[in-house]
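> Next comes the sequence, and after it the predicted model I'd like to discuss.
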Amino acid sequence: MKLNYVTKQLSTVKRWMATALLGMLAIAFVWQGAFFSNTSAMADPAATLIASSDAGDRAEEKASRDAGRTKNFIDDAADKVKQAAKSNANKIDQATDNGSFAERKAKQDAATIQRRANEDASRTKEAVDKTKNAVERTVDNIKDAFGK
C-alpha cells in the first residue's frame, strides 16, 4: 500500500509531536530535579566535621585492631610452617637409619624452613605496622585539614 500526500504529512507530524513530547518530558525531569534538590545539608557544615573527626578516631581504632589480628594470623601461620618442618624431619628421622645423609639433610632443611618462617613473619609484621601507621597518619592529616 502506497502512502498518499496527506498520510505522509500526518506521519511526519506524529514523529515531530512524539519528539517534542519526549523533549518536554526530559526538560521537566531536569527542572524538577533542580527545584527539589536538598540544599539544607549545606546549611551547617560544622556538624559534618564533628562526625568526620569521630569517624577518623574509629578508623584509627579499626586499623589498630585489624593490625593486631593480622599479626596474630601471621604468628599462627609461621608456627604451622615450623611444625610442618619439624614433623617432616621427624618422619624422615624415624624412617632412616641414624646418621644417614637424608636424615641430616631433612634436619638441615627443617632448620632453614624455621629460620625463614621467622624472617618472613617479622618482615610481614613490619609491613603491617608500616601500613597501619600510614593509615593513622593519613587519618590524622585529614582530621587536621578539616579541623582548621
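Received the coordinates, thanks.
> which residue sits closest to residue 121, ignoring its sequence neighbours?
Excluding the flanking residues, the one nearest residue 121 by CB to CB, 6 or more residues apart in numbering is residue 78, at 3.9 Å. For every residue, glycine as well, the C-beta is placed using N, CA and C.
> Report the next helix or strand after the host helix or strand of that neighbour in sequence order.
Following DSSP states H and E, one finds residue 78 within helix 45-95. As assigned by DSSP H and E, the chain's next helix or strand after helix 45-95 is helix 101-147.
> one step back: tell me the contacts of the residue nearest to residue 121?
By CB atoms under 8 Å, 6 or more residues apart in numbering, the residues touching residue 78 are 117-118, 120-121.
> Now do residue 143: how many residues are near it, please.
Look at residue 143: counted by other CB atoms under 10 Å, it has 19 neighbours.
> Next one: it from residue 123, what distance?
31 Å (CB to CB, to the nearest Å).
> repeat for residue 100
For residue 100, the distance to residue 123 - CB to CB - is 34 Å.
> same deal with residue 15?
Distance, residue 15 to residue 123, by CB to CB: 70 Å.
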